[in-house]
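A.B. asks: Let's see this in three dimensions:
(2 chains)
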Amino acid sequence: MPSARKKIDLVCPAGSLPALKTAVDHGADAVYIGFRNETNARNFPGLNFDNEEVRQGIKYAHNKGCKVLLALNTYPQPEHFNRWTQAVRQAALLGIDAVILADPGLMRYATRNFPGLRLHLSVQGSATTRHAIAFYHEQFNIQRVVLPRVLSLKQIKNIVDSSPVEVEVFGFGSLCVMVEGRCALSSYVTGESPNTCGVCSPAKDVRWEETAQGRQSRLNNVLIDRYAKGEAAGYPTLCKGRFKVGESENIFYAMEEPTSLNTLEILPDLITMGVAAIKIEGRQRSPAYVRQVTSVMRAALDCCQNNLNNYKIDKRWISTLDKVSEGRSHTLGAFHRPWQ
Amino acid sequence: MKLSLGPIQYYWPEDKVRSFYQQATDWPVDIIYLGEVVCSKRRELKLNDWLDIASQLQQAGKEVVLSTLILLEADSELKRLEHICAQTDFKVEANDMSAVYLLNKQSSFIAGPHINSYNPETIDVLHECGAIRWVMPFELSQHTLRDLIKQKPGGMESEVLVYGRIPLAFSARCFTARAHNVGKDQCELRCLADNKGLPLLTQEGDELFTINGIQLQSGVPCNLVSELDSLEKTGVDILRLSPELKGMGELIDIFHQTSIGEISSQQAESRIQKRSDDNKWCNGFWHGEPGMNWQ
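C.D. replies: Numbers count the residues shown, from 1 in each chain, chains lettered A, B, ... in the order given. Below is the predicted model:
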């Protein structure tokens, strides 16, 4: 007899202790957090946790049966490597349920020094094939992989079928168009990138200007976008600006328009194929965002898991999620072949 | 320091690829990296064609390395990778951990620039798997490189891109197809028309990036010709130039002559400027600044 399908984990973002508590209270199976420094890929001012907050967060989450994962998913350079090893040590001592790593050197350190510490391969590790996953599993005994947002449903199914470890995919949130861990657009323009500093298009380099041609956004002086009067202006992330290409004077979103990933439509597929966890993006977002998104995704996953064949999307779920989406619109991203 | 010719980043017609490497037999480069690294739909040359070119270059005294695809998604891409990693006539440049997995301890290989080797521990992991050389990831600085080289495992060589548009990002999306307003599946190989990519400009006309299929490159080439002394002092073993269709022989000559002290870096810069339309460069990453900077 086939074994019962394992319940899929809802993994929610927590940029602060209030956000963590909100996620736990609204149905997260796991929350993911980061220390307050460049060891994680959401190194933004006013975000993240110190040791005491991690301690409190773990206590709160564990009391309600929720796991706490810690992202240490930037790539340390030699000068400050010990800042990352110290973070691994702290994570182990504090009783984190798993650390989410990208750097092979750091993984080796973790495996050798804290063999009991569960490791997840971060989306920043850019693993898109069974061979890449097998590498990290054999070398460092990773237990889960978070897949970059560049694979189609069929490709994900192939990976789940052949992966020696659990597979986690993104279910909702801001869309990275590029393969995570392989994007240096931000450091090309600002000197800081997700890999090196845990930031993309950092806020310190953003400048807004009111001009006769409309409101303009700049990143380290580079014009990212220009908005007509009354047009909603988005954060000047490099890959979501409007540019010209070649000889054409046409101005358009040459890489991607501001939009968020939303997988409500394909949750039954993800569950059926055996994905272990669905991740919500947004550690930089407010507790209100965490509450809204966690609640909707909890309801949708429960509905789907309890009654796979009769799963129907509640329209209120879509409207709630669209309200917190970039550009108030959503996409299936690369899950859906035509997006590519 | 040796000179190397990196893999061709663009989609060139077969006859142009063949004549490019025919000329390369006479260029003063020591190492030549071959193969498609950006998009598996670019199949003007099949694997056997590449192996044929590889043999000719090897007979001409070049060290030949087969470079692997950077972003692997489809089963067909994995199969091709398996063929490349299984052959033993030429060394392989691994551009993804899938290749490292296949090569691990089977044969010595080169860890390409798209393997994130940001610290000595990672380089050591790769070395234990069989890497004999690593190419510095593009966003790292000379300062970091100095630390990496100081702590590198014995026998491990280092290689740095010194000329060419920098591959900055990869996506599932094809930006060339998007620019032509066609789907990726209906791309009709439009990138065959852009032998040095498509410029992506800001609304003020600044050359920000270059669109090259699923890849985004820097808007202008990186140029470290005036840094060859510091590269040598840092202990770099190999200087990489990225292929361009026009004027490549002249460019290689300039770097060769500069590296052996025949011409000064000022003379080199002025000659590079004269040889093509590309008269703006960047070198910010090398100086620990935004990569687009030039000083």
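
A.B. asks: Give me the neighbour count for residue 61.
C.D. replies: With no chain named, the answer covers chain A. Using other C-beta atoms under 10 Å in any protein chain shown, A:Ala61 has 22 neighbouring residues. (Glycine included, C-beta is placed from N, CA and C.)

A.B. asks: not what I meant, chain B
C.D. replies: Burial measure for B:Gly61: 8 neighbouring residues, criterion other C-beta under 10 Å.

A.B. asks: Going along the chain, name the helices of chain A.
C.D. replies: In chain A, the segments counted as helices under DSSP state H are A:17-25, A:51-63, A:81-94, A:104-113, A:130-140, A:153-162, A:185-190, A:194-197, A:267-273, A:287-306, A:315-323.

A.B. asks: Pipe those helices into TSV and attach distance to chain B per row.
C.D. replies: Converted to TSV, the helices of chain A look like this (distance: least, C-beta to the nearest C-beta, whole Å):
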stretch	distance to chain B
helix A:17-25	29
helix A:51-63	24
helix A:81-94	5
helix A:104-113	3
helix A:130-140	4
helix A:153-162	5
helix A:185-190	4
helix A:194-197	6
helix A:267-273	16
helix A:287-306	23
helix A:315-323	22
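
A.B. asks: Among the ones you listed, show me which one is buried the most.
C.D. replies: Ranked by mean neighbour count, the helices of chain A are led by helix A:185-190 with a mean of 27 (mean count of other C-beta atoms under 10 Å in any protein chain shown).

A.B. asks: Mean pLDDT added to the helices of chain A, as JSON lines?
C.D. replies: As requested, these are exported to JSON lines (pLDDT from 0 to 100):
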{"stretch": "helix A:17-25", "mean pLDDT": "98"}
{"stretch": "helix A:51-63", "mean pLDDT": "98"}
{"stretch": "helix A:81-94", "mean pLDDT": "97"}
{"stretch": "helix A:104-113", "mean pLDDT": "98"}
{"stretch": "helix A:130-140", "mean pLDDT": "98"}
{"stretch": "helix A:153-162", "mean pLDDT": "95"}
{"stretch": "helix A:185-190", "mean pLDDT": "98"}
{"stretch": "helix A:194-197", "mean pLDDT": "94"}
{"stretch": "helix A:267-273", "mean pLDDT": "95"}
{"stretch": "helix A:287-306", "mean pLDDT": "96"}
{"stretch": "helix A:315-323", "mean pLDDT": "93"}
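
A.B. asks: Show me the one of those helices that comes nearest B:Arg146.
C.D. replies: helix A:81-94 (14.6 Å; C-beta to C-beta).

A.B. asks: Show me what that closest one is packed up against.
C.D. replies: Here helix A:81-94 touches helix A:51-63, strand A:67-72, helix A:104-113, going by 3 or more C-beta pairs under 8 Å, 6 or more residues apart in numbering or on different chains; DSSP states H and E.

A.B. asks: and residue 213, what is it in contact with?
C.D. replies: You didn't pick a chain, so chain A it is. A:Gln213 is in contact with A:Arg226, counting by C-beta atoms under 8 Å, 6 or more residues apart in numbering or on different chains.

A.B. asks: wait, I meant chain B there
C.D. replies: Each residue near B:Gly213 by C-beta under 8 Å, 6+ apart is listed here: B:11, B:38-39, B:42, B:174-176, B:191.

A.B. asks: Quick check: it vs B:Leu71, distance?
C.D. replies: Using C-beta to C-beta, to the nearest Å, one gets 10 Å for the distance from B:Gly213 to B:Leu71.

A.B. asks: just A:Asn262 next, same as before
C.D. replies: A:Asn262 sits at a distance of 24 Å from B:Leu71 (criterion: C-beta to C-beta).

A.B. asks: Check A:Val293 too.
C.D. replies: Using C-beta to C-beta, we find A:Val293 at a distance of 29 Å from B:Leu71.

A.B. asks: same check, this time on A:Arg207
C.D. replies: A:Arg207 is 33 Å from B:Leu71, by C-beta to C-beta.

A.B. asks: same check, this time on A:Ser295
C.D. replies: 35 Å.

A.B. asks: Look at the nearest residue to B:Cys187 once chain neighbours are set aside and tell me its secondary structure.
C.D. replies: Once flanking residues are discounted, B:Cys187 sits nearest to B:Ala177: 4.2 Å by C-beta to C-beta, 6 or more residues apart in numbering or on different chains. Here B:Ala177 takes the helix state, with states given by DSSP: H, G, I helix; E, B strand; the rest coil.

A.B. asks: Return the nearest residue of the stretch 1-150 of chain B with respect to chain A.
C.D. replies: B:Glu121 (2.8 Å; C-beta to the nearest C-beta).

A.B. asks: Isn't that residue up against A:Asn82?
C.D. replies: No. B:Glu121 is beyond contact range of A:Asn82, at 11.0 Å (criterion: C-beta atoms under 8 Å).

A.B. asks: what do these two both touch?
C.D. replies: Joint contacts of B:Glu121 and A:Asn82 (C-beta under 8 Å, 6+ apart) do not exist.
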